[in-house]
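Asks: based on what follows, work out the 3D shape:
(one chain, ligands or ions: 1)
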Amino acid sequence: MKSQAVKGTHDVLPEEQPAWRRLLSAAEQVLERAGARPLTTPVFEYSEVFEKSVGESADLIVQKEMYTFEDRGGRSLTLRPEFTAGVLRAFIEHGMHTLPTPVKLWSAGPLFRAENVQRGRYRQFHQINLEILGLSQALADAEAVQLMYATLRACGLDRVHMRVGSVGDPEDRAAYNAYLRAELEPVQQRLSETSRERLRLNPMRVLDSKSEEDQALLAPLERPIDFLGEAARAHLDQVLAFLRDWGVPFEIDPGIVRGLDYYRRTAFEAHYQGIGAQSALGGGGRYDGLVENLGGPPMPGVGWAMGVERVLDAMAQEALAAAADEAPELFLVPLDDAAIAEVAALAVRLRRSRRVEHAYVRRNPGKGLRDADRSGATFAGLRGEAERRKDVLQLKHMASGEQTEVPVSDLEGFLDARA
Ligand code: HAM
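Replies: Reported below is the predicted structural model:
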């Protein structure tokens, strides 16, 4: 057996954890200050949950990207490809629709999509997800966009740009799809295979084609924004007015399309140059009607998810990985056999309030100090026969080389005073 992770999955190594934590704590702080509460849902759900929510023509279904399997009882289960469906299932199941609105829920964790693997596109990846339920006003859409931007800024990223647009109300989408079909069907032989398939199932998605020939055919055509009805247009204008008012930088994306079908009206994405073709750090939009589709009451909603791996890639571009706070304050060195148990017991006690490591075998002072140096410790604490007689440690400040004899009973006071 080869020691190799499954294609499209990856380990998060210790040295990558500080950036990971920085993103999680930025999200926690920004989102909870805005009233979002954390929610953890299972990694798998009954397949219907996703089949009902993501939409028949969504990439996830069309491109068979869902990891679906049968359990022993013959029920079809699916590893979650996104958070929204499971979060709404939980929202309905636990009667959260009876809480005062808005209800804001945020989640973080792994998702699974059987995608073609490339930079920024994995089979197990992670998202931070936010849902705002119960508000149909444009103010909620604007708040969602602002919170995505603020979370990315709180990670230190300052080259993020938001793209905001509208996919319209269902009738606007239908009109636009009919228009695209009428324009593109006569030339469909010149479209890529993916675009031909999309033209059949969800014409709007053709706009997202990566093929240059497709884009050339699309260039003279109108965009969804030109087909917005009065209500959707007014809604979008209000969203944009709030964003301008709050100083959230954005550009209008007249042809924004998303890979999931449940969006209505506002759709938005955060992009970042310099992380390859998959430049979307996150995306989201309004999904009125989805709670009902999943068996709940009528309940408007808007939300987003950001891809953790892509955000970390962007943070690495800006050298924002956050200094690792991994070094111990004290590294204890037993200079004889009897001291091994003594330093271990001392470490157990000191670790209640500080970071302490020690050598596990007897060391001579030279080797012991080298171990301490490698650990990055601020102080080395040497303990041998001579120290035992007086119940002290020889403490060496690693940076200055300064050495002090400190009684074990005064150790914590000494370290506190030097902190
Ligand atoms: P999504 O656009 O499918 O939306 O995914 C959101 C973000 O997750 C993407 O912008 C990207 O950063 C990241 N992502 C998606 N697929 C992958 C992948 N295979 N590998 C790495 N990163 C990936 C949703 O998932 C919606 N549920 C968002 C939402 C929440 N809408 C309303 N509420």
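Asks: the helix or strand of the chain at the bottom of the mean pLDDT ranking vs the ligand: in contact?
Replies: Among the helices and strands of the chain, helix 59-62 carries the lowest confidence by mean pLDDT, DSSP states H and E, at a mean of 71. No - using C-beta under 6 Å from any ligand atom, helix 59-62 stays clear of the ligand, with a minimum separation of 8.0 Å. All C-beta spots, glycine's among them, are computed from the backbone N, C-alpha and C.
Asks: note down every partner strand of the helix or strand that that helix is followed by and its orientation.
Replies: Next helix or strand after helix 59-62 toward the C-terminus (DSSP states H and E): strand 68-70. With DSSP bridges as the test, strand 68-70 is paired with strand 76-79 (antiparallel).
Asks: who are the contact partners of Leu24?
Replies: By C-beta atoms under 8 Å, 6 or more residues apart in numbering, the residues touching Leu24 are 108, 128.
Asks: in which helix or strand would I find the residue nearest to Thr41 when sequence neighbours are not counted?
Replies: Residue nearest to Thr41 in three dimensions, not counting chain neighbours: Gly86, with 4.1 Å by C-beta to C-beta, 6 or more residues apart in numbering. Using DSSP H and E, the element containing Gly86 is helix 84-93.
Asks: by contact count, what packs against the helix or strand following that helix?
Replies: Later in the chain than helix 84-93, the nearest helix or strand by DSSP H and E is strand 103-112. Here strand 103-112 touches helix 17-33, strand 37-38, helix 84-93, strand 124-133, going by 3 or more C-beta pairs under 8 Å, 6 or more residues apart in numbering; DSSP states H and E.
Asks: next, format the ones you listed as CSV and append mean pLDDT.
Replies: Output for those, formatted as CSV (pLDDT from 0 to 100):
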stretch, mean pLDDT
helix 17-33, 95
strand 37-38, 98
helix 84-93, 97
strand 124-133, 98
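Asks: would you turn the ones you listed into CSV with distance to Val103?
Replies: Shown next, in CSV, are those (distance: least, C-beta to C-beta, whole Å):
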stretch, distance to Val103
helix 17-33, 13
strand 37-38, 8
helix 84-93, 7
strand 124-133, 5
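Asks: quick one: contacts for the closest residue to the ligand within the stretch 101-250 of the chain?
Replies: The ligand sits closest to Phe125 of the stretch 101-250 of the chain, with a gap of 3.5 Å, by C-beta to the nearest ligand atom. Phe125 makes contact with 110-111, 113, 307-309, according to C-beta under 8 Å, 6+ apart.
Asks: what does Gly376 give?
Replies: By C-beta under 8 Å, 6+ apart, the residues touching Gly376 are 326-328.
Asks: which ones among the residues you listed are found in strands?
Replies: Judged by DSSP state E, strands contain none of the contacts of Gly376.
Asks: which among those end up buried?
Replies: Among the contacts of Gly376, the ones that count as buried by 16 or more other C-beta atoms under 10 Å are Pro328.
Asks: which positions in this protein make contact with the ligand?
Replies: 82-84, 113, 115, 120-122, 125, 127, 129, 131, 258-260, 280-285, 287, 303-307, 309-310.
Asks: poorly predicted segments of the stretch 201-350 of the chain, please.
Replies: 321-325 (pLDDT under 70).
Asks: which residues in it form strands?
Replies: Along the stretch 201-350 of the chain, counting by DSSP state E, counting those that start in this stretch, strands occupy 250-252, 266-272, 280-286, 301-307, 330-334.
Asks: show me what the first one is packed up against.
Replies: Contacting strand 250-252 under the criterion 3+ C-beta pairs under 8 Å, 6+ apart are the following elements: strand 160-166, helix 230-246.
Asks: which other helices and strands does the first one contact?
Replies: It refers to strand 160-166. Against strand 160-166 (3+ C-beta pairs under 8 Å, 6+ apart) you get helix 138-154, helix 230-246, strand 250-252, strand 266-272.
Asks: most tightly surrounded among these?
Replies: For the helices and strands packed on strand 160-166, the largest average neighbour count (mean count of other C-beta atoms under 10 Å) is found in strand 266-272, namely a mean of 25.
Asks: residues near Lys7, how many?
Replies: Using other C-beta atoms under 10 Å, Lys7 has 9 other residues around it.
Asks: what distance do you get for it to Asn293?
Replies: 33 Å (C-beta to C-beta, to the nearest Å).
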